[in-house]
Every structure is written in structure tokens, then in C-alpha cells.
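A.B. asks: What shape does this take:
(chains A and B)
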Number of protein chains: 2
Amino acid sequence: MTVRQLSLPELVDGLTALGVPGVGLWREPVAAYGLRAAAKLVRDAGLAVTTLCRGGFLTAERPAERAAALDDNRAAIDEAAELGTDTLVLVSGGLPAGSPDLFGARERIAEAIAELAPYAAERGVRLAIEPLHPMYAADRCVVSTLAQALELAGRFPADQVGVVIDTYHLWWDDQVAAGIARAGAEGRIHSFQLADWTTPLPAGVLNGRGQLGDGAVDFRWFDAAVRAAGYTGPVEVELFNDGLWAREGLGVLAETVDRYRTHAR
Amino acid sequence: MTVRQLSLPELVDGLTALGVPGVGLWREPVAAYGLRAAAKLVRDAGLAVTTLCRGGFLTAERPAERAAALDDNRAAIDEAAELGTDTLVLVSGGLPAGSPDLFGARERIAEAIAELAPYAAERGVRLAIEPLHPMYAADRCVVSTLAQALELAGRFPADQVGVVIDTYHLWWDDQVAAGIARAGAEGRIHSFQLADWTTPLPAGVLNGRGQLGDGAVDFRWFDAAVRAAGYTGPVEVELFNDGLWAREGLGVLAETVDRYRTHAR
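C.D. replies: Prediction:
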């Protein structure tokens, strides 16, 4: 998603040339290219698929909407298995229109995960609950902190349900160190993602994730914390940024690798 | 601030006509009207000044900036005393430019409050630490949750330093019920403010606070929670909203009173 201006073959070639060993994919470009073709393309290039984004949106109240959401998540799990990744990222969903009931929405997420986690496990896929920044609580994700994501994940086996540590969403939280340590101890860090926090935020607050080094996040601190917690998996850089998308994609890819080396490791 | 298009005399007349017993003031319009004149205007109308907004911005590292911030806060305390309010709201300040050190910034706030709280207490003024939504952590306020504000306030006597419960900043937090109960038990709820959470957020995310009833906040829940925690003080409605500011002010004032009665009590 960081370089969505690139086609999948361009992305794969670019990553291979830069020596990047894996890639996190999103469902939409995979579907547009063709699921099987995408899986073959990435596999033939020797790239690991680190995660698939995203399932989730599990807070609907109406039975038909709820059934549709579960169907869509089962499809996402199937796609993850086909792509050869062991991790599907879940963005839980916001409040249904007109409802202020955060507690109810969070419970419906837990009920949905109870249905989806065994289905995923049978296919070798883990669900990774991603706490999103609290500014998305109303319309995107009522799971807003790492502690909350861990409470939810804790109802399920750690090899079936874990969490995503994304610096963009969690950097501000004075409880995040304790959360990372707990997540590691429980074996629930299923994904580690980087983006910087830059201001001012753009309208809609979706596409202002900063290039590494441009903002407020202390990446070395996060990297040390997840490693101290026992995490040895891949590190993804996930930037939604109108400015980066407007540039030539391979240049953004090379810059991102360079920034990662300068600021994050 | 909800109706900043009104002059202070228009505001006072409007509130009096609507039977509103008090008003929270901001320093800038008070200074523009004249501090003594503003104090007399409000006092003569029989309105209580519920709070003065705002002191704070206490995270600077450089000695000269730090001294200037402390001077400005002492001035704000003097103004609060002159206006006859017992509460100065503190917006703590964001990260200094180029610094990712959240812990250090939070410690500098504590050190500054240690200097300011006794000065305020001698003048009959309490300091109310306002946790701001985490989306303001970089550039406005590194105190992002009620729990964090209470940790900070807890280093000082409760009659000198407390917290602001503002629904806009806290509604998303699954720990807010526990925080409100603790704040009440400690006698630290020094202000209670209402605004609704509406999306999409505008660019810069400053002026999109929703009119009561337009968004995701459950005001009756908050009102019941602060009352159950023993709070019997005033309730302020504080909306920063370009749409409301563009309208005729007395109409917005009447609408706000109506929305308060419909949605909040």
C-alpha cells in the first residue's frame, strides 16, 4: 500500500532489486491482478508474503450485514492461505450508524472472531487484531489500544489470534511498553508495522502517515521493545500518504528502504 | 469558544436570556475586551465564570522558552483570580520540535506544575489538567488519557491540581469509567466539558467538534458517570466548529442549550 502506484510485477521487481525479502499485500490489488497469478508471481520471485490486509469490520448489528461480513472474512482467510502468508490483519470496524454502544460493538467483534479463528487455523492462518489510533474509533475500529487488543485476543489461543504492533496507532500511549512486553510473553505479536506520525493531519485523517524519520515516532525504541519481547518476525512499512502516492513508485520504495536503515534498525 | 462570533456583551446577554447560570471563558477574548471590564460585565450579569481556558504548554526544553511559559501561566492564574473562577484549564503542550521523548516532555510538565500549583492556590485557583485526544499528542498535548492525567495530578494535593473530563477527548477509551470513578473519589474532577465526535475530521483536526447529538458520544452515560463519582459542578459545552462559527451566534447558543437538554441531562 506504501507504493500503490506500482503494479504487482513492478513492486515485486523493485523489492527484489532492493534486497527486501518479503511483502505485505492488500486484498484489492491482489484481486485485481488475480489471486493465483499474484501468489505465483510473489512465490517465483522468492518473496515471503508477510501479511494480508485486511479482514475485519465485524461490528454490524443486523444479521444480514453480519453474515456478509463473516463470509467476506472467510474469503480473506482463503486468500491468505493461497498467498502463503500465515497472518491476516483484522481492522475490527467502527460503531454502526447511530449507535453509541462501544461495549456492544467490541463484544460483537469477539463473537465474530470466535467463529473465524478456528476456520483460519484449519488453513494455517492466524488472525492479527490491529488496534487503530483512537481517532478512528467511530468509523473504522473500536479497538483503540494495545491493551484492549490483547484483552480481546486473550480469549483465544495465541497461535490463532494475536495483535499487530503498528507505530502509527500506538506511539502516543504511555502503556505501550507494558503492552508490547505482555504481547511478546503471550506469543501474540503477529505483525510489526512502521509509519511515522506527522502533522498537520489531512482532512479525513486517512492518508497522512509519514515517511519514516519525518515525524514524532521513535522507531528504534519500538524496534528494541518488540525484539526484547521476543519478536523475530518481519517488519513492514505501511504508509498511506497522498504525497508519496503522487511520486514515482520505485523511488519511494528505495527511499523507504533507506529511511528504514537510517531510522529504524 | 462555542460562539466566538459573539462579543462578550452579546454572549452575556444571550446566556442570561436563556437562563444559563455560568460561562467558561478563554483568555484571548477576555484580554481583547479588557480583563477588569470582562470581570465586571460577567459579575454584574450574575453569571459564574466556570473555568478559564487556558494555561499550559509546559513542555519546552530551552530555559528561556520554559521561563516564558511559566510567566504566561502565572499571568493566566492572575486572570482567573480576577475573573472570579476557581479553575484554570491546562493544555499541557506537545513534543518540542525534533524530539521524540514523550517521557521527558511529561516530566517537564510535572516540574512546571510543581512551580505553578502553589502560586495558583495562594490566589484561590485550581489547575485542571486536560487530557487531550491522542491525535493531539505530537503538537498540542502529550497527556492523552484520563489515567495519565490522574497519574500526573496525583503528585499534588487534590484541591490544587485536578483534571478535566471532556467527552470529545475521552469517549473512545475503554478505561474511562474507571478513570472517572477514581477522579471523583480523589476529588479531582475540576471541570466537565461536552462536545460530540463527528466524522470525517477536518484538515488539522482542530475545528470539527460536533454539536451535541450529531455524533458518537453517549452524553447521558458520561453525565451519569461523573455524577456517580460525586461531581456536582457546572457542565460546559465547548465546541470548536467552523460550521457553527459561520452561523448567527445567538441561534447557535439557543440550539446548544436545546441540544444539551435533549441529549445530555
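
A.B. asks: Can you classify the closest residue to A:Val30 other than its chain neighbours as helix, strand or coil?
C.D. replies: Closest residue to A:Val30 apart from its sequence neighbours, by Cβ to Cβ, 6 or more residues apart in numbering or on different chains: A:Ala38 at 4.6 Å. Where you see a C-beta, it was placed from the backbone N, CA and C, and this is true even at glycine. Here A:Ala38 is helix, with the state taken from DSSP: H, G, I helix; E, B strand; the rest coil.

A.B. asks: Go ahead and confirm A:Ala38 touches A:Val23.
C.D. replies: No - A:Ala38 lies out of contact with A:Val23 (Cβ atoms under 8 Å); the separation is 10.5 Å.

A.B. asks: Does anything pack onto the helix or strand hosting A:Ala105? Which helices or strands?
C.D. replies: A:Ala105 belongs to helix A:102-122 when assigned by DSSP states H and E. Contact here means 3 or more Cβ pairs under 8 Å, 6 or more residues apart in numbering or on different chains; DSSP states H and E; on that basis helix A:102-122 packs against helix A:63-83, strand A:126-129, helix A:146-153.

A.B. asks: mind redoing it with 10 Å?
C.D. replies: Counting contacts by 3 or more Cβ pairs under 10 Å, 6 or more residues apart in numbering or on different chains; DSSP states H and E, helix A:102-122 is packed against strand A:48-56, helix A:63-83, strand A:87-91, strand A:126-129, helix A:146-153, strand A:161-166.

A.B. asks: List the neighbouring strands of the last one plus their orientation.
C.D. replies: Here the strand partners of strand A:161-166, with direction, are listed using DSSP bridges: strand A:126-129 (parallel), strand A:189-194 (parallel).

A.B. asks: Next, format these as JSON lines and append mean neighbour count and mean pLDDT.
C.D. replies: Formatted as JSON lines, those follow (neighbours: other Cβ atoms under 10 Å in any protein chain shown; pLDDT from 0 to 100):
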{"stretch": "strand A:126-129", "mean neighbour count": "26", "mean pLDDT": "98"}
{"stretch": "strand A:189-194", "mean neighbour count": "24", "mean pLDDT": "98"}
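
A.B. asks: Any chance of JSON lines for the ones you listed, columns distance to A:Gly230?
C.D. replies: Output for the strands paired with strand A:161-166, formatted as JSON lines (distance: least, Cβ to Cβ, whole Å):
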{"stretch": "strand A:126-129", "distance to A:Gly230": "16"}
{"stretch": "strand A:189-194", "distance to A:Gly230": "8"}
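
A.B. asks: just to revisit the earlier point, buried residues, the helix holding A:Ala105. List them.
C.D. replies: A:102, A:105-106, A:108-110, A:112-113, A:116-117, A:119-121 (16 or more other Cβ atoms under 10 Å in any protein chain shown).

A.B. asks: what does stretch A:65-72 give?
C.D. replies: Under 16+ other Cβ under 10 Å, the buried positions of stretch A:65-72 are A:66, A:69-70.

A.B. asks: can you pull the contacts of A:Ala158?
C.D. replies: A:126, A:183, A:185-190 (Cβ atoms under 10 Å, 6 or more residues apart in numbering or on different chains).

A.B. asks: Any chance you could list residues touching both of A:Ala38 and A:Val23?
C.D. replies: A:8, A:12, A:49, A:83.

A.B. asks: which pair in those spans the largest distance?
C.D. replies: A:Val12 and A:Leu83 (12.7 Å; Cβ to Cβ).

A.B. asks: and for those two, which residues touch both?
C.D. replies: The contact lists of A:Val12 and A:Leu83 share A:23, A:38, A:42, where a contact means Cβ under 10 Å, 6+ apart.

A.B. asks: For B:Leu206, see how far away the first one is.
C.D. replies: Relative to B:Leu206, A:Val23 is positioned 37 Å away (criterion: Cβ to Cβ, to the nearest Å).

A.B. asks: repeat for A:Arg108
C.D. replies: Taking Cβ to Cβ, one finds A:Arg108 at 33 Å from B:Leu206.

A.B. asks: swap in A:Ser92?
C.D. replies: Distance from A:Ser92 to B:Leu206, by Cβ to Cβ: 27 Å.

A.B. asks: Show me what from the stretch 1-150 of chain A comes close to chain B.
C.D. replies: Counting by Cβ under 10 Å from any Cβ of the partner chain, the stretch 1-150 of chain A comes close to chain B at A:94-95, A:98-103, A:106, A:133-145, A:147-148.

A.B. asks: Out of those residues, list just those in helices.
C.D. replies: A:102-103, A:106, A:147-148 (DSSP state H).

A.B. asks: per-residue pLDDT, the residue lying closest to A:Asp218 once chain neighbours are set aside?
C.D. replies: Closest residue to A:Asp218 apart from its sequence neighbours, by Cβ to Cβ, 6+ apart: B:Pro100 at 3.8 Å. Listed pLDDT for B:Pro100 reads 89.

A.B. asks: got it, and A:Asp218?
C.D. replies: For A:Asp218, pLDDT reads 97.

A.B. asks: Check A:Glu28 too.
C.D. replies: For A:Glu28, pLDDT reads 97.

A.B. asks: before we move on, which element is it in?
C.D. replies: helix A:27-33.

A.B. asks: What residues sit buried inside that helix?
C.D. replies: A:27, A:30, A:33.

A.B. asks: ok, so of the residues you listed, who is nearest chain B?
C.D. replies: Of all the buried residues of helix A:27-33, A:Arg27 has the smallest distance to chain B: 23.2 Å, by Cβ to the nearest Cβ.

A.B. asks: what's the closest non-adjacent residue to A:Leu90?
C.D. replies: Distances taken as Cβ to Cβ, 6+ apart put A:Gly56 closest to A:Leu90, at 4.0 Å, once the chain neighbours are dropped.

A.B. asks: Give me the distance between the one you found and B:Arg123.
C.D. replies: Taken as Cβ to Cβ, the span from A:Gly56 to B:Arg123 is 52 Å.

A.B. asks: Of those two, which one has the most company?
C.D. replies: A direct count of neighbours by other Cβ atoms under 10 Å in any protein chain shown for A:Gly56 and B:Arg123 places A:Gly56 higher, at 27 against 14.

A.B. asks: so the more buried one touches A:Leu127, yeah?
C.D. replies: Yes - when contacts are counted by Cβ atoms under 10 Å, A:Gly56 is listed as touching A:Leu127 (9.0 Å).

A.B. asks: what do these two both touch?
C.D. replies: A:73, A:76, A:88-90, A:113, A:116.

A.B. asks: coming back round to it: just name the closest of the contacts of A:Ala158 to chain B, please.
C.D. replies: Nearest to chain B out of the contacts of A:Ala158 is A:Ala183 (Cβ to the nearest Cβ; 17.0 Å).

A.B. asks: before we move on, back to that, what's the burial count for the residue nearest to A:Asp218?
C.D. replies: Around B:Pro100 there are 20 residues (other Cβ under 10 Å).

A.B. asks: got it, and A:Ile77?
C.D. replies: Around A:Ile77 there are 24 residues (other Cβ under 10 Å).

A.B. asks: give the contact list for it.
C.D. replies: So A:Ile77 contacts A:52, A:55, A:88, A:116-117, A:119-127 (Cβ under 10 Å, 6+ apart).

A.B. asks: what two of those residues are the furthest from one another?
C.D. replies: Most distant of those, by Cβ to Cβ, are A:Leu52 and A:Glu122, 16.5 Å apart.

A.B. asks: Does the strand or helix carrying A:Ala17 pack against any helices or strands, and if so which?
C.D. replies: Element membership for A:Ala17, per DSSP H and E: helix A:8-18. Helices and strands touching helix A:8-18, by 3+ Cβ pairs under 10 Å, 6+ apart, are strand A:22-26, helix A:27-33, helix A:35-44, helix A:249-263.

A.B. asks: residue ranges with poor pLDDT in the stretch 1-150 of chain A?
C.D. replies: Within the stretch 1-150 of chain A, no stretch has pLDDT under 70.
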